[in-house]
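> One predicted model, sequence on top.
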2 protein chains.
Amino acid sequence: MSVPKSVAAHRQAVVELLTGVLAGKGNITLPLLEALGKALAVDVYAPLSLPPFANSQMDGFAVRSADIPDGGAELRVAAPVPAGAAPAALKPGFAAPIMTGAMIPEGADAVVPIEKATPNTFPGPAAEDAVVELPPVAPGTYVRDSGSDIGKGTLALAAGTRMGPAQLGLLAALGLTTVEVRQPCRVLLVTTGDEVVEPGSELTSGKIFDSNGTLLEASMRQAGLEVVRTGISDDEPAKLLAVLRHHTGPGDSRVDLIVTTGGVSKGAYEVVRQAMADQPVDFLPVAMQPGGPQGLGSFEGVPFLGFPGNPVSCLVSFEMFLRPALSLVLGTPAPRQVLRARLAQQLTSPEGKHQVRRGTLDADGTVRMEGGAGSHLVHSLAKANALVQIPGDVTELAEGDEVEVWML
Amino acid sequence: MSVPKSVAAHRQAVVELLTGVLAGKGNITLPLLEALGKALAVDVYAPLSLPPFANSQMDGFAVRSADIPDGGAELRVAAPVPAGAAPAALKPGFAAPIMTGAMIPEGADAVVPIEKATPNTFPGPAAEDAVVELPPVAPGTYVRDSGSDIGKGTLALAAGTRMGPAQLGLLAALGLTTVEVRQPCRVLLVTTGDEVVEPGSELTSGKIFDSNGTLLEASMRQAGLEVVRTGISDDEPAKLLAVLRHHTGPGDSRVDLIVTTGGVSKGAYEVVRQAMADQPVDFLPVAMQPGGPQGLGSFEGVPFLGFPGNPVSCLVSFEMFLRPALSLVLGTPAPRQVLRARLAQQLTSPEGKHQVRRGTLDADGTVRMEGGAGSHLVHSLAKANALVQIPGDVTELAEGDEVEVWML
């Protein structure tokens, strides 16, 4: 029996596996909104400054500040400057009604808000000889300078940035309509087991419905992977091999990564172990519970991960290994939020194994367990909002002890 | 000038607006994976127990615990029980090799793990008269009882539950292939302003590219809304009215909600205010910065929200009002994670206004500001990972003071 691998060592091995996947991928160009949630593949430099021109931060009067002495001044009212217009230069002794976002006229260097003017309303269009009394104002007041947000030619977003609403909004503000992202990663997801049948089919004695396929496809979709499903593979290695060969040969059906569930343990009928017998794949126990038995290597040159067969083990395997490795190597998805919480109850944990329990973090900062340690408890899992991390050297924790939780 | 509304009062008004939207929506049935991220519309009761039958938690030997006295016993080896099989009853004096997940044979009540057996390997198929020496075992050991995760007929998931990988995995484990969710909510998103042009077009003097459309459509898509875009509406009320009428009349183009950006302030050219003149819409300042000017009401009976025109104001309006109201009323999206953080710098904030600053929460639990308070700073916004909440009664904060942050 092999010495169990640490969680960190196995995660690092998954990172290296994905680094190989990434090396083979090029970039594609997508319309901004289709890139939502994906990572930028290249640095983006600002093709223009933001704001592109000095503009008013307020509805008010654009003035030459030097025109207004300490005691205030009465200025003649120039033609108004609506947002979107290219205004004429402001003549000395004049104040131009200006709207928020409108371009500061040449010559003007400050804005007096309408509330501080007398009268404090804009004159109507017929008021040709209107005047306005304004208090003194420092140069630059309520002016948003050109380039004060970002200067033309400077780095707007670095390669690897995950693009959410704000990042896409910035790219649009810069006038861009498309963005370069990595070619998506295609994953073959195969659930295995003689006992497993498709949801919706008849459940005969000794069988269970496949939840791993749905659970992992959903996880993978959220992580931005393209998922290829094959249906359930039974415990006949030759059939599993045929599926794997179909998706690792040359041509369109070739995938970038293979993930299987089940068949990696030490039982008498371990179909994934048997199918991988001639391939460079390790089946090493990881010092983790659940999710200890893990396969890692490649099948006909395509990177391969073998997760265990219980649904909680599958989720924990994805969250502890594949998801963090994707975040690190591909830039998406966002890493899970890691928090500290106080235990609502005492806990025991096996010595030498990193235990991952499922819990609910409540608003008061305490976390309570959902169900026991068993890896078949998918209903308890569905009630949890967090994974509770109990390191391998911890065997007992009291109520109120602090633990690390990963928010799901 | 009207008295500013509190943030809480305006959010409550948005909740009431959306409650009206929801009342008009029915349910639809989706395949499980298409419901990812959506809220369950009805309670789901378990159509079967999980596990459906008592099964083994280990690879080992299924035994009648009473057959093994304190000193251990030698038992005859019965036919092996692979996962997925319906085994014969276990005869007294026999031990059946059993795999993880396989059905416990009738008569057996415990499992001895293979590691504790002598010999500690399963006999080959030819070993007809094989025996195995086993230590004593308590009844129930390593047996996952039928219904120990969830009993048939009990509540599996409550209406309103957001469906992530674990929830969909549970539904699959229960044999379900579809799920009922609310009809999606269709939002008309109109950006306005004479100064605003589509990204990708020519930028003439005084103009800026529209970032609000991309920013809000991305936010709305992430929140599960269906977004209808109309392009930019200029500052001509008649044109905006025509767009709104097209999407509020009878027929397929009718939407559930209208959101506009810009034209809600107190300037001379406020197109949204003008277009809404005959409609039951309030334009009330909210005591918030940015995002103070807000419109709320209905246009031809369709609920309406008017956001201000700066991109940061748009994002803050969405995050402070529409997103939390959607979470509360429709069940999706998940509320933002709210954390406490220590300020990395001192801050000032205007009295009487709830300020929402953009910041980056670092791993050490401190939050530093990205850019100043200005609502045009979309590049600074794109660097932030959190909204920093500074209540209206706070005007100064020192470095190290604790603040509430909402994780983006």
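Good, I have the coordinates.
> what does the stretch 251-400 of chain A put close to chain B?
On the criterion C-beta under 8 Å from any C-beta of the partner chain, chain B has as its neighbours in the stretch 251-400 of chain A the residues A:265-269, A:309-311, A:315, A:318, A:337, A:339, A:371, A:374, A:376-382, A:384. (Each C-beta comes from the backbone N, C-alpha and C, glycine too.)
> Got a ChimeraX select line for the buried ones in those?
Filtering those down to the buried ones (16 or more other C-beta atoms under 10 Å in any protein chain shown) takes a single ChimeraX command:
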select /A:265,266,267,268,269,309,310,311,315,318,339,371,376,377,378,379,380,381,382,384
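> Which ones among the residues of the stretch 251-400 of chain A next to chain B map onto strands?
Here DSSP state E is the test, and those give residue A:339 as lying in strands.
> Where helices are concerned, which of the residues of the stretch 251-400 of chain A next to chain B count?
A:311, A:315, A:378-382 (DSSP state H).
> Those: which two are farthest apart?
Farthest apart among those by C-beta to C-beta are A:315 and A:379. That separation is 13.0 Å.
> Low-confidence ranges, the stretch 1-150 of chain A, go.
Scanning the stretch 1-150 of chain A with the threshold set as pLDDT under 70 gives A:1-2.
> Identify the residue of it closest to chain B, quick one.
residue A:84 (3.3 Å; C-beta to the nearest C-beta).
> how about that residue, what does it touch?
Residues in contact with residue A:84, defined by C-beta atoms under 8 Å, 6 or more residues apart in numbering or on different chains, are A:102, B:193-196, B:206-207, B:235.
> switch to 10 Å and redo it
Counting by C-beta atoms under 10 Å, 6 or more residues apart in numbering or on different chains, residue A:84 makes contact with A:99, A:101-103, B:193-197, B:204-208, B:234-235, B:269.
> what about it, distance to residue A:278?
Residue A:84 sits 69 Å away from residue A:278, taking C-beta to C-beta, to the nearest Å as the criterion.
> residue ranges for the helices of chain A, please.
Taking DSSP H as the test, the helices found in chain A are A:7-23, A:165-173, A:212-222, A:237-246, A:271-275, A:311-317, A:323-330, A:378-383.
> count of residues packed around residue A:18?
21 (other C-beta atoms under 10 Å in any protein chain shown).
> and of the helices of chain A, who's closest to residue B:300?
Set against residue B:300 and scored by C-beta to C-beta, the helices of chain A come closest in helix A:165-173, at 28.6 Å.
> quick one: is that closest one near chain B?
Yes: using C-beta under 10 Å from any C-beta of the partner chain, helix A:165-173 reaches chain B at A:165-173.
> try stretch A:151-159
Yes: on the criterion C-beta under 10 Å from any C-beta, stretch A:151-159 is in touch with chain B at A:151, A:154-158.
> number of nearby residues for the closest residue to residue A:85 other than its chain neighbours?
Once flanking residues are discounted, residue A:85 sits nearest to residue B:206: 5.3 Å by C-beta to C-beta, 6 or more residues apart in numbering or on different chains. Neighbours of residue B:206 under the rule other C-beta under 10 Å: 20.
> looking at it, residue B:206 is touching residue A:103, isn't it?
Yes: if you go by C-beta atoms under 10 Å, residue B:206 and residue A:103 touch, sitting 4.4 Å apart.
> What sits closest to residue A:407 if chain neighbours are left out?
Distances taken as C-beta to C-beta, 6+ apart put residue A:337 closest to residue A:407, at 4.3 Å, once the chain neighbours are dropped.
> Quick check, that neighbour in contact with residue B:334.
No: the pair residue A:337 and residue B:334 does not pass the contact test of C-beta under 10 Å, sitting 11.5 Å apart.
> Spell out which residues are contacts of both of those two.
With contacts defined as C-beta under 10 Å, 6+ apart, the residues shared by residue A:337 and residue B:334 are A:407-408.
> So residue A:403 is in contact with residue A:389, correct?
Yes: at 6.6 Å, residue A:403 counts as touching residue A:389 under the criterion of C-beta under 10 Å.
> Looking at those two, which one has more neighbours?
Set residue A:403 next to residue A:389 and count neighbours by other C-beta under 10 Å: residue A:403 wins out with 20 against 17.
> re earlier: which neighbours do residue A:403 and residue A:389 have in common?
By C-beta under 10 Å, 6+ apart, residue A:403 and residue A:389 have these common neighbours: residue A:357.
> which among the contacts of residue A:84 end up buried?
Looks like the contacts of residue A:84 have A:99, A:101-103, B:193-197, B:206-208, B:235, B:269 buried, using 16+ other C-beta under 10 Å.
> Now render these as a markdown table, adding distance to residue A:6.
Listed next are the buried ones among the contacts of residue A:84 as a markdown table, based on distance: C-beta to C-beta, whole Å:
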| residue | distance to residue A:6 |
| --- | --- |
| A:99 | 62 |
| A:101 | 56 |
| A:102 | 61 |
| A:103 | 61 |
| B:193 | 57 |
| B:194 | 62 |
| B:195 | 58 |
| B:196 | 55 |
| B:197 | 56 |
| B:206 | 61 |
| B:207 | 57 |
| B:208 | 53 |
| B:235 | 63 |
| B:269 | 65 |
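> and of the residues you listed, the nearest to residue B:250?
residue B:235 (28.7 Å).
> which residues sit in contact with the closest one?
Residue B:235 makes contact with A:82-84, A:99, B:192-196, B:262-263, B:267-272, B:274, according to C-beta under 10 Å, 6+ apart.
> try 8 Å
Taking C-beta under 8 Å, 6+ apart as the test, what residue B:235 contacts is A:82-84, B:192-194, B:263, B:269, B:271.
> Identify the bridge partners of the closest residue to residue A:63 other than its chain neighbours.
Nearest residue to residue A:63, sequence neighbours excluded (C-beta to C-beta, 6+ apart): residue A:95, at 4.9 Å. On the basis of DSSP bridges, residue A:95 is bridged to residue A:77.
> residues in contact with residue A:95?
Residue A:95 neighbours (C-beta under 8 Å, 6+ apart): A:61-63, A:75-78, A:112, A:132, A:134.
> Mind putting these into a markdown table with neighbour count?
Shown next, in a markdown table, are the contacts of residue A:95 (neighbours: other C-beta atoms under 10 Å in any protein chain shown):
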| residue | neighbour count |
| --- | --- |
| A:61 | 29 |
| A:62 | 29 |
| A:63 | 30 |
| A:75 | 24 |
| A:76 | 13 |
| A:77 | 19 |
| A:78 | 23 |
| A:112 | 25 |
| A:132 | 23 |
| A:134 | 22 |
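> okay if I get those as CSV plus distance to residue B:288?
Output for the contacts of residue A:95, formatted as CSV (distance: C-beta to C-beta, whole Å):
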residue, distance to residue B:288
A:61, 26
A:62, 27
A:63, 29
A:75, 33
A:76, 37
A:77, 32
A:78, 33
A:112, 24
A:132, 30
A:134, 28
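> In the stretch 201-350 of chain A, what residue lies closest to chain B?
Of all residues in the stretch 201-350 of chain A, residue A:215 sits closest to chain B, at 3.0 Å by C-beta to the nearest C-beta.
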